[in-house]
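1. Fold the following and give me the result.
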Amino acid sequence: MEKGKSESSERSFGESDSVVPSQSDIQPESTMETREDETKQPEEASPEVETENEDLKDSIRTLTEKLSAALANVSAKDDLVNQHVKVAEEAVAGWEKAENEAVELKEKLEAADENKRVLEDRVSHLDGALKECVRQLRQARDEQEQRIQDAVTEKTRELQASKTDLEGELLEAATKSEELAEMAESVARENVMLRHELIARCEEFEIRTIERDLSTQAAETASKQQLDVIKKVAKLEAECRKLRTMLSSKSSFNNDHRSTDSHSDASCSESGASTTLIEKRSLQGTASSSAVEIDLMGDFLEMERLVALPATPPNCKSGPESVTEEAVVVLTDNSLAAEIEALTGRNKELEEKLEKLEAEKGELESEVKCCREVENTLRYELDAIVCDKVELESKLEKLKVEKDKLESKVESEREVESTLRFELEAMVSDKLELESKLEKLEAERGELESKVKSDKEVVSTLRLDLEATVCDKVELENKLNKLEAEKDALRVELEGIVCAKGEVENKLEKVEVEKAELQISYDVIKDKYKESQVCLQDIETKLEEIQREMKLANELKTEVETQIESMEAEAEGNQVKIECLEEEVRKERLASDELRRKCEALEEEVTLHQESVIEPPKIKQEDMATAAGKLANCQKTIASLGKQLQSLATLEDFLVDTASIPVAATNGVSNSTESWRVHKNDTYMASIKSTKETSSSDAASSNRGSSEKNRNGFAKVFTRSKDGIHLVI
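-> All right, here's what the predicted structure looks like:
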């Protein structure tokens, strides 16, 4: 669009340059007309000079105002460029901060992973120690059972019945313990399954919460966009109103003031080209926009460009062009209304999605509560099963102790009953040793149980720490994903800002080029202004001389104004008279030609008769005298008719000039009329000099003036048109 503006400005400069020579071609006629008007009516010079001076001052004021507006526009564009640069720097700083935060979060994640690995190593080490303790306990139990069985098989055969009973009870207890173990395993499996389900539900819940947050963010962004769109629509409506008022004022101004000269036609073609360019650009902008925000910004920029375009002269605007501009405004209003409806529909869809997500969130929260209740019940059941298992193990140990007691009793009874005291003492010593070993084993067992409890506590704490680290890891991963998304968004924004910066730089270069062109035009205007000041000084010196004549002209002006009304009425009748007079002139010219022929024939006859006859007859002399008198009368009538025609032509020119003065005052804003007035002023001053030089010779005789004009190569022709009679040189 900026290129189009520069091209249009260059075209306007070129067209104005091309118009100037046409005006200079027209100016000799105007100079000759002004010379004749000055020779016949010197009192009309001073008001024209004053109007031309005022027009010069108005043109200088308009040029200075345009220059100040251009400089203000350039400064505003510089401020915009500085603002864009600041925004880009802030975006780069924010992007760097986000990268630093992402690096810190990655370091924290790595530290958490290392802690997790260390904890896993500790847990595996403790599991190995627990397995070793259990293996040692099993070995000790196996050794003890083997010793007991050996002692029982060797020395207690009588207690087989009791032994079988005890073994039956032991089998029942073993079956019960196996059943309890299977139940514990099934409960553990169910617990694991429930944990997996709980983790999956938690992940789903987190995903749903993230989706809910994203939907809320989208809704907020949509609401913000809607508010921005509403603001832009308000701005566009205000600008549309401004454009409509401008269009109405321009159309009314065009209907009131329409010029008919060649310069107005050139400016009309120029403004028509600019309006067609504006319409093409607006149609291309509306056709190429695909997204809603791009449509709004394109329409807004088009309206700004329409407002920022230079105002064309009001007298050159035609009816179809104003209609096309109103059609463009209506199209933009319709497109904005359709885009607002689309945005409202999108907001409704987002609100429905938000309601659905909130309902799903409530369902997930209820499911999570149910899962937690099930987990708590399973934990209570598991604790009860563990307690039952511990009680059964204690019962087994008690049964083993009772078995040992029974065996010891059998042995003691046998020793008592037997006579072999030495064996009894040996058995007692063995029993004592076994008891000491049992005490040691029980002490070791207590120590191992305490160690196992402590290890279990450590394992539980480690598990809690591990779960906390897992939760922290999940949160950190979510934060990292969010930061990566923000980083991508910032990158996209930075790319957009860089593109905008490039566009702004291009615009700045174009603005600088326009500024340089304006500076050049300003220098040219300064030079012209200096020249005009010099001319004004000369004019002021000459105005002092003219003021004396102005007094006489003002006195005559009142008389002329009274005569103008009567002369306007007489002009219509004079046109008919002029036609009649022209016909009479033609007839008299034909008659004069016939008389000349007759005179020539008579002169030839006279010469012939002079040779033959010395004294001509009196009758021929009388005929010659009458012919010469008729010829003189014809010449007098022709001269009087020429003077009347000249006076009528000068009167019509004076009427045309007086009618064109207010039109020139109203159209004094355009640059073309200003240049024409400056040139007219120069020609007028030249005509004043020429009239002063030629006034003496014109006052001497009209024939001599006409001969001098014919010597200079100028010829006068009266041309008749619909407007009246015009003098063409």
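2. all helices in the stretch 1-150 of the chain, in order from the N-terminus.
-> If you assign secondary structure with DSSP state H, counting those that start in this stretch, the helices in the stretch 1-150 of the chain sit at 2-40, 45-155.
3. give the contact list for the residue lying closest to Lys630 once chain neighbours are set aside.
-> Leaving aside its chain neighbours, Lys630 sits nearest to Leu595 (5.9 Å; criterion: CB to CB, 6 or more residues apart in numbering). For every residue, glycine as well, the C-beta is placed using N, CA and C. Shown in contact with Leu595 (CB atoms under 8 Å, 6 or more residues apart in numbering): 627, 630-631, 634.
4. and the helix or strand hosting Leu595 with helix 45-155, angle?
-> When secondary structure is defined by DSSP states H and E, Leu595 falls within helix 421-612. Going by axes from the mean of the first three to the mean of the last three CA atoms, to 10 degrees, helix 421-612 is angled at 160 degrees with respect to helix 45-155.
5. which residues of the stretch 1-150 of the chain score low on pLDDT?
-> Residues of the stretch 1-150 of the chain that meet the criterion pLDDT under 70 lie in 1-47, 49.
6. if you set the cut-off to 50 instead, what comes out?
-> Applying pLDDT under 50 to the stretch 1-150 of the chain flags the ranges 1-45.
7. With the chain instead?
-> Going by pLDDT under 50, which is the cut-off in play, the chain has low-confidence ranges at 1-45, 259-297, 307, 309-323, 614-618, 658-729.
8. measure the residue nearest to Lys630 to His196 for me?
-> The span separating Leu595 from His196 equals 138 Å under the rule CB to CB, to the nearest Å.
9. Next: Glu104.
-> Remark: distance between Glu104 and His196 (CB to CB) = 33 Å.
10. give me every residue that touches Val585.
-> For Val585, the residues meeting the contact criterion (CB under 8 Å, 6+ apart) are 638, 641.
11. ok so, going back, from the contacts of Leu595, which is closest to Gln136?
-> Gln136 lies nearest to Cys634 out of those, by CB to CB, at 163.7 Å.
12. residues contacting that closest one?
-> Remark: with contacts taken as CB under 8 Å, 6+ apart, Cys634 is in contact with 588, 591-592, 595.
13. Show me what whatever helix or strand Glu397 lives in packs onto, helices and strands only.
-> Counting by DSSP H and E, the element that carries Glu397 is helix 319-417. Packing partners of helix 319-417 (3 or more CB pairs under 8 Å, 6 or more residues apart in numbering; DSSP states H and E): helix 45-155, helix 160-256, helix 262-288, helix 292-308, helix 421-612.
14. If we use 6 Å, what do you get?
-> Of the remaining helices and strands, those touching helix 319-417 by 3 or more CB pairs under 6 Å, 6 or more residues apart in numbering; DSSP states H and E are helix 160-256, helix 262-288, helix 292-308.
15. So what angle separates the directions of that helix and helix 160-256?
-> Here helix 319-417 runs at 170 degrees with respect to helix 160-256, directions being taken by the same axes, to 10 degrees.
16. coming back round to it: among the helices of the stretch 1-150 of the chain, which is nearest Val513?
-> For Val513, the closest of the helices of the stretch 1-150 of the chain is helix 2-40, at 7.3 Å, according to CB to CB.
17. Give me the number of neighbouring residues for Leu556.
-> Neighbourhood size, Leu556 [other CB atoms under 10 Å]: 15.
18. From Gln563, how far off is it?
-> On the measure of CB to CB, Leu556 and Gln563 end up 10 Å apart.
19. With Glu143 instead?
-> 156 Å.
20. ok, now Lys598?
-> Plainly put, Lys598 is 44 Å away from Gln563 if you go by CB to CB.
21. What of Asp538?
-> As defined by CB to CB, Asp538 lies at a distance of 33 Å from Gln563.
22. Surely Glu158 is in a strand?
-> No: read with DSSP: H, G, I helix; E, B strand; the rest coil, Glu158 is coil and lies in no strand.
23. Count the neighbours of it for me.
-> Counted with other CB under 10 Å, the neighbours of Glu158 add up to 11.
24. what about it, distance to Leu434?
-> Counting by CB to CB, the gap between Glu158 and Leu434 amounts to 21 Å.
25. Contacts only, for the residue nearest to Glu493 when sequence neighbours are not counted.
-> Spatial nearest neighbour of Glu493, chain neighbours left out: Ala91 (5.9 Å); criterion: CB to CB, 6+ apart. By CB atoms under 6 Å, 6 or more residues apart in numbering, the contact list for Ala91 reads 493-494, 497.
26. Return the member of the residues you listed nearest to Lys97.
-> Distances from Lys97 to the contacts of Ala91, taken as CB to CB, are shortest for Leu494 (12.9 Å).
27. gap between that closest one and Gly502?
-> For Leu494, the distance to Gly502 equals 13 Å [CB to CB].
28. Mind listing the shared neighbours of the two?
-> Taking CB under 6 Å, 6+ apart as the contact rule, Leu494 and Gly502 have no neighbour in common.
29. Please identify which of these two sits among more neighbours.
-> Here Leu494 and Gly502 are set side by side on neighbour count (other CB under 10 Å), and the busier one is Leu494, at 16 against 10.
30. Now the more buried one: closest residue in space that isn't a chain neighbour?
-> Closest residue in space to Leu494, ignoring its immediate chain neighbours: Ala91 at 5.2 Å, by CB to CB, 6+ apart.
31. And that neighbour, how close does it get to Arg491?
-> Summarising the geometry, the distance separating Ala91 from Arg491, computed by CB to CB, is 10 Å.
32. again with Ser521
-> Taking CB to CB as the measure, Ser521 and Arg491 are separated by 44 Å.
33. Show me which of the two is the more surrounded one.
-> In this comparison of Ser521 against Arg491, neighbours counted by other CB under 10 Å, the higher total goes to Ser521 at 16 against 13.
34. and the more buried one, how far is that from Lys66?
-> When Ser521 is compared with Lys66 (using CB to CB), they lie 9 Å apart.
35. can you check Thr175 too?
-> Using CB to CB, we find Thr175 at a distance of 110 Å from Lys66.
36. okay, these two: which has more neighbours?
-> For Thr175 versus Lys66, the count of surrounding residues by other CB under 10 Å is larger for Lys66: 16 against 10.
37. tell me the most buried of the helices of the stretch 1-150 of the chain?
-> Comparing the helices of the stretch 1-150 of the chain by mean neighbour count (mean count of other CB atoms under 10 Å), helix 2-40 comes out on top with a mean of 16.
38. Would you mark the buried spots in stretch 563-583?
-> By neighbour count, with 16 or more other CB atoms under 10 Å as the criterion, the buried positions of stretch 563-583 are 567, 571, 574, 578, 581.
39. Restrict it to CA atoms and write it as PDB.
-> In PDB, the C-alpha atoms belonging to stretch 563-583 read as follows (Å, rounded to 0.1, in the frame of the first residue of the first chain):
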ATOM      1  CA  GLN A 563     -24.100  49.800 -16.300                       C
ATOM      2  CA  ILE A 564     -23.400  46.000 -16.100                       C
ATOM      3  CA  GLU A 565     -27.000  45.200 -15.400                       C
ATOM      4  CA  SER A 566     -28.200  47.200 -18.300                       C
ATOM      5  CA  MET A 567     -25.400  45.800 -20.500                       C
ATOM      6  CA  GLU A 568     -26.200  42.300 -19.600                       C
ATOM      7  CA  ALA A 569     -29.800  42.800 -20.800                       C
ATOM      8  CA  GLU A 570     -28.500  44.600 -23.900                       C
ATOM      9  CA  ALA A 571     -25.900  41.800 -24.600                       C
ATOM     10  CA  GLU A 572     -28.600  39.400 -25.600                       C
ATOM     11  CA  GLY A 573     -30.100  41.900 -28.000                       C
ATOM     12  CA  ASN A 574     -26.600  42.800 -29.200                       C
ATOM     13  CA  GLN A 575     -25.900  39.300 -30.200                       C
ATOM     14  CA  VAL A 576     -28.800  39.300 -32.600                       C
ATOM     15  CA  LYS A 577     -27.700  42.800 -33.800                       C
ATOM     16  CA  ILE A 578     -24.200  41.500 -34.200                       C
ATOM     17  CA  GLU A 579     -25.400  38.700 -36.500                       C
ATOM     18  CA  CYS A 580     -27.400  41.200 -38.500                       C
ATOM     19  CA  LEU A 581     -24.400  43.600 -38.600                       C
ATOM     20  CA  GLU A 582     -22.200  40.800 -39.700                       C
ATOM     21  CA  GLU A 583     -24.600  40.000 -42.500                       C
END
